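Enquirer: With the input below, show me the fold.
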Amino acid sequence: EVQLVESGGGLAQAGGSLRLSCAASGFTFDDYVIGWFRQAPGKEREGVSAISSSDGSTYYANSVKGRFTISSDNAKNTVYLQMNSLKPEDTAVYYCNAFTPLRQYWGQGTQVTVSS
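Expert: Predicted structure coming up:
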């Protein structure tokens, strides 16, 4: 059974930090690009960051560059998103996504709330 389990969300103050984790199981982790998306109330889901499990290449949305860092522990089949200098506009449900051109999987999401 394929599973993507997010954890680490919660409440933070503006300027604070949180670290999200995405633990994957049930598929060949190294074959996938693992990404984080977020969806704020009333807004479309948007891509935040992604990492290739095979070569470690990364992507960041302009809105989070310099503040968020994505990393992967292939031995644990886990991807992390370190979020620093959080802003109220980072408030959203954050979803983990595993992608190949043939298929993709989604986690259930974890809520991140940043207070001003």
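
Enquirer: what ranges do the strands span in the protein?
Expert: 3-7, 10-13, 18-25, 33-39, 46-52, 58-60, 68-73, 78-83, 92-99, 104-106, 110-115 (DSSP state E).

Enquirer: Now those in JSON lines, please, with extra columns for mean neighbour count and mean pLDDT.
Expert: All C-beta spots, glycine's among them, are computed from the backbone N, C-alpha and C. Shown next, in JSON lines, are the strands of the chain (neighbours: other CB atoms under 10 Å; pLDDT from 0 to 100):
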{"stretch": "strand 3-7", "mean neighbour count": "17", "mean pLDDT": "96"}
{"stretch": "strand 10-13", "mean neighbour count": "13", "mean pLDDT": "98"}
{"stretch": "strand 18-25", "mean neighbour count": "19", "mean pLDDT": "97"}
{"stretch": "strand 33-39", "mean neighbour count": "21", "mean pLDDT": "97"}
{"stretch": "strand 46-52", "mean neighbour count": "19", "mean pLDDT": "97"}
{"stretch": "strand 58-60", "mean neighbour count": "15", "mean pLDDT": "98"}
{"stretch": "strand 68-73", "mean neighbour count": "18", "mean pLDDT": "96"}
{"stretch": "strand 78-83", "mean neighbour count": "22", "mean pLDDT": "97"}
{"stretch": "strand 92-99", "mean neighbour count": "21", "mean pLDDT": "97"}
{"stretch": "strand 104-106", "mean neighbour count": "15", "mean pLDDT": "96"}
{"stretch": "strand 110-115", "mean neighbour count": "17", "mean pLDDT": "98"}
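
Enquirer: Skipping adjacent residues, who's closest to the one residue sitting closest to the centre of the chain in space?
Expert: Nearest residue to the geometric centre of the chain (CA atoms, centre = their mean): residue 36, 2.9 Å. Counting by CB to CB, 6 or more residues apart in numbering, residue 36 lies nearest to residue 48, which is 4.5 Å off, once chain neighbours are set aside.
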